[in-house]
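A structural model of the following input is requested.
(chains A and B)
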Number of protein chains: 2
Amino acid sequence: MTAPLRRSIATVCLSGTLDDKLTAAAAAGFDGIELFENDLVVAPWSPSEIRTRCAGLGLSIDLYQPFRDFEAVPADRLRANLARAERKFAVMAELGTSTVLVCSSVSPEAIDDDDLAAEQLSLLADRAAAHGMRIAYEALAWGRHVSTWDRSWRIVERAGHPALGLCLDSFHVLSRDADPAGIAGITPGKVFFLQLADAPKLHMDVLQWSRHHRLFPGQGAFDLPRFVGSVLTTGYDGPLSLEVFNDVFRQSDPARTAVDAMRSLTALEDRLDPVREVPLRRLPAAPALTRHAFTEFTVDGNSGPELREALRGLGFTHTGQHRTKPVELWEQQACRIVLNSAVTRAQAPGAAAISALAISSSDPLSSLRRAAALLAPASPNVREPGETELAAITAPDGTSIFVTRPDDAWRSDFLPTGETPAPGAGLTGVDHLGLAQPFDHFDEAGLFYQSVLGLDHLATEEYAAPFGLTRSRALADPGRTVRLALTVSLLRRGDWAPAVADPQHVAFATTDLVASAEALTRSGAILLPVPDNYYADLAARFGLSDGTVTALHRHGILYDRDEDGGELLHLYTPVLGGRVFFELVERRHGYDRFGEPNAPVRMAAQRHRRLHPATP
Amino acid sequence: MTAPLRRSIATVCLSGTLDDKLTAAAAAGFDGIELFENDLVVAPWSPSEIRTRCAGLGLSIDLYQPFRDFEAVPADRLRANLARAERKFAVMAELGTSTVLVCSSVSPEAIDDDDLAAEQLSLLADRAAAHGMRIAYEALAWGRHVSTWDRSWRIVERAGHPALGLCLDSFHVLSRDADPAGIAGITPGKVFFLQLADAPKLHMDVLQWSRHHRLFPGQGAFDLPRFVGSVLTTGYDGPLSLEVFNDVFRQSDPARTAVDAMRSLTALEDRLDPVREVPLRRLPAAPALTRHAFTEFTVDGNSGPELREALRGLGFTHTGQHRTKPVELWEQQACRIVLNSAVTRAQAPGAAAISALAISSSDPLSSLRRAAALLAPASPNVREPGETELAAITAPDGTSIFVTRPDDAWRSDFLPTGETPAPGAGLTGVDHLGLAQPFDHFDEAGLFYQSVLGLDHLATEEYAAPFGLTRSRALADPGRTVRLALTVSLLRRGDWAPAVADPQHVAFATTDLVASAEALTRSGAILLPVPDNYYADLAARFGLSDGTVTALHRHGILYDRDEDGGELLHLYTPVLGGRVFFELVERRHGYDRFGEPNAPVRMAAQRHRRLHPATP
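Reported below is the predicted structural model:
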């Protein structure tokens, strides 16, 4: 084999009509599709018109799936099934596709007899072969009798028919915690088709899990590189085909979903071990990240003064003014905040918002080449003559990501204000950014940041917050210099109380939060009051000493502890400028999360503060 | 007992902070609350301040739930648990509440020993009694060893402690398909607390089902009147208390959710059989409904002409003009459509929309009294002098519901146009209305229409549609003269393709759809083209004769059949005026649904038509 692997997507992955889906798949660069029968039924074109349309878009039709409950049935049912098959072969000939998917039966009628299944599948394969077609047999994880890949392989092996092979679907194998290593032992050439889906680990009925919660590779918890590696070892040279049933993707813009899907396959292929002569496409390696260089907020006449006052209270100094634009640089040690009054964001008119994050890379050019290979859109370049070139890409929610050099050359665009540096509060740099994501694009955003910046997916957590269930995805680079917390409401947020429901924030690091908090009290910082009841509960939950609780309580510091004894101390400001806030963070003993259990306390306190600004 | 039953709501049912929740519960008329510990922890008030605040709002605190995994544990764990209990009794004394909920243990440490459980719960009850408090023990459906009400009752009976009784929760009993009849045999006075929740029948892990999908009584599938009847038979005189964990309610406006909750209890109490001396509150009976009197659309300069042309094409005549307003009456037999150019709806500026439905009642005054008792808001009265009084209420999505007299006196507000009646197309009346609902208020809307108009909940179905998963709830009065189909996207709809994703519609009835379709073809009606592929699939699915399929195909008629041989023939118009369409329906042999399997075909065809108005 010398051609690279082809890439396909099942039409069921995408929202819209068949027209919408084909257009989106082609635009994202897919080579082929799996056509779902429902998409054909509601399409205004005949099968041969669909074939023509696909060909015009550069798409092949790689798989069609018109059967259910075919095999291991009583004789009269078999006759009806074979008659039905002939009609479907005619449709397939019109479509110009030659591989039919047959899923293992879920019917109560199905007989638990592998010999019978092999015999009946052979009869079907005979008919298929007469049309130049072939049958790919797949074990559904909830199949009535055949629910594992190895049992489906035993049946195919027993049949020994050249037009009968296997379809392997990563979900059906990995959802059962099956070890995919044995797949490498399948007779070469007998895997006819490979379907890929990731998924979060969920404790639920496997059918529901499969139908509603599948994800693109890299968005869930499955080890797909290992699975695909096993399949490629058998000499499989068909497409890598995505089959993802996901409730959100079903309703989101298919053009964006298709790009997300292609990004997932590109990132997956990059992670495959070399297999025989398969020519794998490789991405530029993700260069080491060295820090959060700066974070830019858009502000206006209302939110600007509020953010400036808050930054001064936190010990920041207004150190620089941009040469040509109404843009200010605020600093404290390695914490850099940029306030930009020049632009407003359509998403949140009038409110402050994080409009850009700048990440320092040891090799910015490679970082950008990798981003381009992963279909990250480039941000429009707004550089003025004489300014440092700041190349940027655009994240799924529209935020710009600048990739900067470790020498902070970008600072030369700012003229010193000459302001006397404030004593500061011991804040040493940015610990993490908290980025609330739009509902339709949360999983897309996770994969985007992970793959483009080379971050690890540390954990995904869910919690009940005052305004609805929230999901949080923790990402960090291997050196833990760049951390991101992506959050989303589990259902799209209602119309109620939106202002404090999904703010964005910057968390600054300190090595001694109590000392920092004392400094802030002296400088008159406005911090978020934490209810007394929280501390009563905290003592009971963690068995902390009275002295410790008193010290935390005095400064409104929240606390969390992980299973390995890692500790987090943190405190918050109220919501500022309509939609942002700051956090101060002290990590102890390797604590690697974001204090998620305290997020509901913070949200309730921020809302109380908003409704009752004068009271504690 | 002579006082009516008190009504409580758990704070977990409502979104927001404790402040938001208490305000909402009091405004909806609740007598008390169950306080969830998380709501106390994040509140800015001490327990005694919470007590004062509740008292000021007329709310008692009926239950507090601070323990997990208390009973049937090793001795050292028991000591720690009792010490913790003392601290919680102190909080309860401050709160002024005397009933503690103890759920059956889910801990792997728990010992399968009813005697030990009884003994340890007795020790806890001793401590509680010393504070004037009592323990209500509840079997969680997923309890480690105690997961049924009868086992929890055996333990309480064995303990024989006056301060130890049962808490019964309808979800934990009915989710296990347990027969509640035996509950009536519990010793009088030993049910200390009653929690109520409904739920849809779902095949999923019971813990997930309970935590995310509970509903208020009447919104799900449980027989709550029977369950509550059994509990009241024991002499229970505590509150009817709602404990509903629901992902949507968690994020919706709590003021509206609390009204929905109170409506559910009011409707439930009305359905209880008389029990001993319990004085049950009764609603005015729901009078018989006689028909859909008329349906009103708001139109403007763009949508008005399009709707008028469509109505003419369907055989309607513009028969009447309102005496004082720019409002037109269009008729065909008992089908009446009102086009109102006088008002615009904030929800859909510029697009046509169903702004009002008028239902004819055999006793309009009783209908309105019942609506008021169920907290249905009255619509503002916009009657001019000399006009017929048309009393109206407002549905959850803002649609007005007029309740009219069977004699159609409202028609006297319209002056005859004198237009020659069109020959018509055999449409005899309104079969049903299709009302897309706002995401946050779908279950509220279902209960609203059911309880206020006295409709039955026929079925709830879910299907994958081109723009996302859709849920449909079918309602009808016992005589099947008024039918409503409420629909909602299972996730809040994305930003993509919203125009055809949730239209509203009126379906007209005919006794011979083929004849009606032929008449429409002659009159030049614009109907929705249905793809050829649909008919190829239809023949295979239902085994219809070639002749039947050809006849359906010729007129673009869709087909469905139920398990009992009932048949539906129906056809659609394209989307008109931005957001509405019409349907023609012929029911055969008692078909009682709405042809839901064909909805995705309709949506895809409507979108195709919108994007390509000129092509078939």
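
A:Asp495 sits in which helix or strand?
Here A:Asp495 is covered by no helix or strand, with elements defined by DSSP states H and E.

who's in contact with it?
Each residue near A:Asp495 by C-beta atoms under 8 Å, 6 or more residues apart in numbering or on different chains is listed here: B:253, B:440. Using the backbone N, CA and C atoms, a C-beta is placed for each residue, glycine as well.

and the next element down the chain from the lengthiest helix in chain A?
For chain A, the longest helix by residue count, based on DSSP state H, is helix A:75-95. On the C-terminal side of helix A:75-95, the nearest following helix or strand under DSSP H and E is strand A:99-103.

those strands in the stretch 251-400 of chain A, which residues are they?
Ranges of strands in the stretch 251-400 of chain A, per DSSP state E, counting those that start in this stretch, are A:289-298, A:317-322, A:327-332, A:335-340, A:353-361, A:392-394, A:400-404.

buried set for the longest helix of chain A?
By 16 or more other C-beta atoms under 10 Å in any protein chain shown, the buried positions in helix A:75-95 come out as A:77-78, A:81, A:85, A:88-89, A:91-93, A:95.

what about chain B: which of those residues touch it?
Restricting those to those touching chain B (C-beta under 8 Å from any C-beta of the partner chain) yields A:Val91.

follow-up on the earlier one: pull the residues that contact the longest helix of chain A.
Applying C-beta under 8 Å, 6+ apart, the set of residues contacting helix A:75-95 from outside is A:35, A:40, A:46-48, A:50-51, A:61, A:64, A:66-67, A:70, A:73, A:98, A:100, A:109, A:120, A:123-124, A:127-128, A:131, A:133, B:536, B:540.

packing partners of the host helix or strand of A:Leu415?
Per DSSP H and E, A:Leu415 falls inside strand A:414-416. On a contact count with 3 or more C-beta pairs under 8 Å, 6 or more residues apart in numbering or on different chains; DSSP states H and E, strand A:414-416 meets strand A:317-322.

helices and strands around the strand it packs on, which ones?
Counting contacts by 3+ C-beta pairs under 8 Å, 6+ apart, strand A:317-322 packs against strand A:327-332, strand A:414-416.

ok, so of the buried residues of helix A:75-95, who is nearest B:Glu269?
A:Arg77 (52.2 Å; C-beta to C-beta).

am I right that A:Ala136 falls within a helix?
No - assessed by DSSP: H, G, I helix; E, B strand; the rest coil, A:Ala136 does not belong to a helix; its assignment is strand.

give me the number of residues near it?
By other C-beta atoms under 10 Å in any protein chain shown, 23 other residues sit near A:Ala136.

so where do the helices sit in the stretch 1-150 of chain A?
Ranges of helices in the stretch 1-150 of chain A, per DSSP state H, counting those that start in this stretch, are A:18-27, A:37-41, A:47-56, A:75-95, A:114-130, A:149-159.

right, and those helices - which one's nearest A:Trp496?
Across the helices of the stretch 1-150 of chain A, closest to A:Trp496 is helix A:18-27 (C-beta to C-beta), at 32.1 Å.

what about the closest one, distance to the chain center?
A distance of 22 Å separates the centroid of the chain from that of helix A:18-27, by C-alpha atoms, centre = their mean, to the nearest Å.

with only the CA atoms kept, save that helix in CSV.
Taking Å, rounded to 0.1, in the frame of the first residue of the first chain, the C-alpha atoms of helix A:18-27 are listed here in CSV:
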residue,chain,number,x,y,z
LEU,A,18,-28.3,15.6,2.6
ASP,A,19,-27.4,18.7,0.6
ASP,A,20,-26.1,20.5,3.7
LYS,A,21,-24.2,17.4,4.8
LEU,A,22,-22.5,16.7,1.5
THR,A,23,-21.5,20.3,1.0
ALA,A,24,-20.0,20.4,4.6
ALA,A,25,-18.1,17.1,4.2
ALA,A,26,-16.6,18.1,0.9
ALA,A,27,-15.6,21.6,2.1
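
still on that earlier bit, just name the most buried of the helices of the stretch 1-150 of chain A.
Stretch with highest mean neighbour count among these: helix A:18-27 (a mean of 23; mean count of other C-beta atoms under 10 Å in any protein chain shown).

what is that helix packed up against?
Judged by 3+ C-beta pairs under 8 Å, 6+ apart, the packing partners of helix A:18-27 are strand A:32-35, helix A:37-41, helix A:47-56, helix A:254-270, helix B:599-611.

which ones are touching whatever residue of the stretch 451-600 of chain A ends up closest to chain B?
At 3.1 Å from chain B, A:Gly468 is the closest residue in the stretch 451-600 of chain A, using C-beta to the nearest C-beta. Applying C-beta under 8 Å, 6+ apart, we find A:Gly468 in contact with A:489-491, A:493-494, A:501, B:15, B:247, B:250-251.

what two of those residues are the furthest from one another?
Greatest spacing in these, by C-beta to C-beta: A:Ala501 and B:Asp247 (14.5 Å).

who has more neighbours, the two?
Neighbours were counted for A:Ala501 and for B:Asp247 using other C-beta under 10 Å; A:Ala501 has more, 22 against 17.

pLDDT of stretch A:125-139, averaged?
On average, the pLDDT along stretch A:125-139 is 97.

and stretch A:274-285, by the same measure?
Stretch A:274-285 shows a mean pLDDT of 90.

can you list contacts of that stretch?
Residues outside stretch A:274-285 that contact it (C-beta under 8 Å, 6+ apart) are A:1-5, A:229, A:232-233, A:235, A:237, A:266-267, A:269-270, A:272, A:366, A:369-370, A:373-374, A:454.

burial count for the closest residue to the residue of the stretch 451-600 of chain A closest to chain B other than its chain neighbours?
Leaving out its chain neighbours, the residue that sits closest to A:Gly468 by C-beta to C-beta, 6 or more residues apart in numbering or on different chains is B:Gln251, at 3.1 Å. Per other C-beta under 10 Å, the neighbour tally for B:Gln251 reads 30.

need the contact list for B:Gln251.
If you count contacts by C-beta under 8 Å, 6+ apart, B:Gln251 has them with A:467-469, A:489, A:491, A:493-494, A:496, B:15, B:440.

do you know how far the nearest residue to A:Gly132 once chain neighbours are set aside is from chain B?
Sequence neighbours aside, A:Ser98 is the residue nearest to A:Gly132 in space, at 6.2 Å (criterion: C-beta to C-beta, 6+ apart). As for A:Ser98, its distance to chain B is 20 Å (criterion: C-beta to the nearest C-beta, to the nearest Å).

where does pLDDT dip in chain A?
A:1, A:344-350, A:381-385, A:494, A:497-501, A:614-616 (pLDDT under 70).

which element is A:Thr428 on?
Here A:Thr428 sits within strand A:427-436, counting by DSSP H and E.

which strands and helices sit next to the helix or strand following that strand?
Counting by DSSP H and E, the next helix or strand C-terminal to strand A:427-436 is helix A:442-453. Packing partners of helix A:442-453 (3+ C-beta pairs under 8 Å, 6+ apart): helix A:254-270, helix A:364-373, strand A:456-465, strand A:468-476, strand A:483-489.

who does the fourth one pair up with?
This means strand A:468-476. Strand pairing for strand A:468-476, determined by DSSP bridges: strand A:456-465 (antiparallel), strand A:483-489 (antiparallel).

of all those strands, which one is nearest A:Thr388?
With C-beta to C-beta, the closest approach to A:Thr388 among these belongs to strand A:483-489: 24.2 Å.

got the angle between the closest one and helix A:442-453?
Calculated by axes from the mean of the first three to the mean of the last three C-alpha atoms, to 10 degrees, strand A:483-489 forms an angle of 170 degrees with helix A:442-453.

report the buried residues of the very next helix or strand once past strand A:483-489.
Using DSSP H and E, the helix or strand that follows strand A:483-489 towards the C-terminus is strand A:504-510. Residues A:504-510 are the ones in strand A:504-510 that count as buried (16+ other C-beta under 10 Å).

could I get those as CSV with distance to B:Val530?
Supplementary listing: the buried residues of strand A:504-510 in CSV, determined by distance: C-beta to C-beta, whole Å:
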residue, distance to B:Val530
A:Gln504, 47
A:His505, 52
A:Val506, 55
A:Ala507, 56
A:Phe508, 61
A:Ala509, 62
A:Thr510, 66
